[in-house]
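# fold the stuff below for me.
(2 chains)
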Amino acid sequence: MSPGLKRTHFYSFHLGKARMGEFAGFEMPLWYEGIIPEHMAVREAVGVFDVSHMGRVAVEGPDAESFLNYVLTGDISSLRPGRSSYSLMCDERGGIIDDVVVLRRSSDAFLLVVNAANRSKDLRWLAEHAEGRDVAIKDLSDDVAMMAVQGPKAQDVIELLCDKPVSGLKWHSFTEAHISGTKVMVARMGYTGEDGFEIYIWDAPVESPEKALRIWNAILEAGRDFGIRPCGLGARDTLRLEAGYRLYGTDMDENTTPFEAGLSFAVDLGKEGFIGREALLKEAEKGPDKVLVCLKLVEKGVPRHGYKILGADGHEAGWVTSGTFSPLLKCGIAMAYVRPELSEPGTELLVDLRARRARAVVVKPPFYDPAKYGRKRRAGT
Amino acid sequence: MKVGEYEVPEGLYYTREHEWAKVLPDGTVLMGITDYAQKKLHEIVNVELPEVGAEVGQMEAFASVDSVKATSEIYSPVSGQVIEVNEELFDRPELLNQDPYGQGWIAKIRPVSQEALEKDLKALMTAEQYAKYIEGLESRA
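Okay, the predicted model is just below:
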């Protein structure tokens, strides 16, 4: 492991149990027993993830709402306290600086959860654009621990430990509560496609991680009868890809717009005066040049980032941004940019695996059957 | 012999890219990936095998294996012609994890000549050398 890597609150748990690897400057668990069993634990039962590498930024003050309306593409005014929303931070060209989750804690206090690799870039961007506004921006990443409990049995595990019932908590809602006597914030959200929660542990400096570790261990203990597993970043990536969730830096970056990335649902063009709006209005009118699609291979092979996509006629049609072997479907799956005319579900394409070409078909995400897997699955399945 | 958790059978030849080669009594060469390689790759889910009949050079990439996370090239330890591939791996790529030196073999190669084979083998490592090599890799990790 290269020196100088940052460690999270849960590092001492991972050490000796997980294969560790570098991600966004952090030494993180890639897997414990294996990506496949960890992936399946989340689809069928419950898994727990260290997500403390992500950035947590407090945005507070009388101008916090108007400031976030200015730097984010979504409508923050309609976000009620206790609710969270997926949103995008764009530059003037409409390029995506980061995708974030914004949690509204009160009328003038918000928490932004940002990508680990973008922490300093985002903080710089926020500070630059906050000038002249009555808003305080504070990086809480090293003082707040964060873990995700994901899977159809996540609620059962949380309810065993939480002093408040969470069954009534709606998707993208959160509440202050206590777990094992420690004050936390429990938010119903996640990045796996499954039901689940993110737990924010306040006043937990990374140098004294005991409090955070106690909660981590209590959750593993409470989840034992449900088949809980600690899960690494490997499973986090296969799970998000099966669910059709984009990953910043891989599926999109500053040279990608929300329309290209298929994230127009996070853009409120009716909202005046946010950064990037003019460029995005223009693009909405003429349409994007490329579109992110989900691809399922219909023959053997595993697509990877950077592989070429060809049309059924053999002409170059785009490139793969994320690809993996789907542990659930047991086939290769991918996200790829293609020309807009090739983006309709059912379109047949070829993935250039270098040694040969494999046939693939454009599918509508998620990759799994939403009646059987994912948070909208039918009860009892 | 064993280096930590890694098996390094004696009598085989090894590459720096973690392939093994075994010279069979008929002069052909059986090859696969080492225990070290399969443990590092973990959960192998797919194998791309060379065509039977293909001519390969020593240390030429001629196959690949996919773990869940990554695709890795497989290099031919000797030059020659691919005369057989382990088709069992199509349906059971996990054999590479379970039995890398046995049922998880990848290809059989017929060397161009005895001289060519001897020259190729000189460029490979013995079990003792490979054991030292992976020991060095582990201590740097």
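# can you pull the pLDDT of A:Gly4?
Predicted confidence (pLDDT) at A:Gly4: the value is 88.
# which SS state does the nearest residue to B:Glu48 once chain neighbours are set aside fall under?
Closest residue to B:Glu48 apart from its sequence neighbours, by CB to CB, 6 or more residues apart in numbering or on different chains: B:Ser64 at 4.5 Å. Using the backbone N, CA and C atoms, a C-beta is placed for each residue, glycine as well. Counting by DSSP: H, G, I helix; E, B strand; the rest coil, the backbone at B:Ser64 sits in strand.
# tally up the residues packed near A:Ser12, please.
By other CB atoms under 10 Å in any protein chain shown, the residues close to A:Ser12 number 12.
# hang on, it in a helix?
Yes. Counting by three-state DSSP, A:Ser12 falls inside a helix.
# tell me the contacts of it?
A:209, A:213 (CB atoms under 8 Å, 6 or more residues apart in numbering or on different chains).
# relative to A:Ser208, how far out is it?
Going from A:Ser12 to A:Ser208 by CB to CB, to the nearest Å gives 12 Å.
# check the gap between the residue nearest to B:Glu48 and B:Leu89 for me.
Note on B:Ser64: its distance to B:Leu89, by CB to CB, is 12 Å.
# is it true that the residue nearest to B:Glu48 touches B:Ile44?
No. Taking contacts as CB atoms under 8 Å, B:Ser64 lies outside contact range of B:Ile44: 10.7 Å.
# so, low pLDDT: which residues of the chain?
This is for chain A. A:1-2, A:380-381 (pLDDT under 70).
# hmm, no, I was thinking of chain B.
B:141.
# out of all of them, which helix in it is the longest?
helix B:127-140 (DSSP state H).
# which SS state does the nearest residue to A:Lys376 once chain neighbours are set aside fall under?
Residue nearest to A:Lys376 in three dimensions, not counting chain neighbours: A:Pro370, with 5.4 Å by CB to CB, 6+ apart. Secondary structure for A:Pro370, judged by three-state DSSP, is coil.
# hmm, back to that, please name the bridge partners of the residue nearest to B:Glu48.
Beta-bridge pairing for B:Ser64 (DSSP bridges): B:Glu48, B:Glu73.
# gap between it and A:Leu328?
Distance of B:Ser64 to A:Leu328, given as CB to CB: 23 Å.
# got it, and B:Ala63?
Using CB to CB, which is the criterion applied here, B:Ala63 is 27 Å from A:Leu328.
# those two: which is more packed in?
Remark: of B:Ala63 and A:Leu328, B:Ala63 carries more neighbours, 24 against 21, as counted by other CB under 10 Å.
# which residues touch the closest residue to the more buried one other than its chain neighbours?
Distances taken as CB to CB, 6+ apart place B:Ile74 nearest to B:Ala63, at 4.0 Å, with adjacent residues excluded. Counting by CB under 8 Å, 6+ apart, B:Ile74 touches B:17, B:19, B:33, B:61-65, B:106.
# filter those down to the buried ones.
Buried subset of the contacts of B:Ile74 (neighbour count, 16 or more other CB atoms under 10 Å in any protein chain shown): B:19, B:33, B:61-65, B:106.
# would you turn these into JSON lines with distance to A:Thr250?
Formatted as JSON lines, those follow (distance: CB to CB, whole Å):
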{"residue": "B:Glu19", "distance to A:Thr250": "30"}
{"residue": "B:Ile33", "distance to A:Thr250": "27"}
{"residue": "B:Ala61", "distance to A:Thr250": "25"}
{"residue": "B:Phe62", "distance to A:Thr250": "29"}
{"residue": "B:Ala63", "distance to A:Thr250": "26"}
{"residue": "B:Ser64", "distance to A:Thr250": "21"}
{"residue": "B:Val65", "distance to A:Thr250": "22"}
{"residue": "B:Ile106", "distance to A:Thr250": "30"}
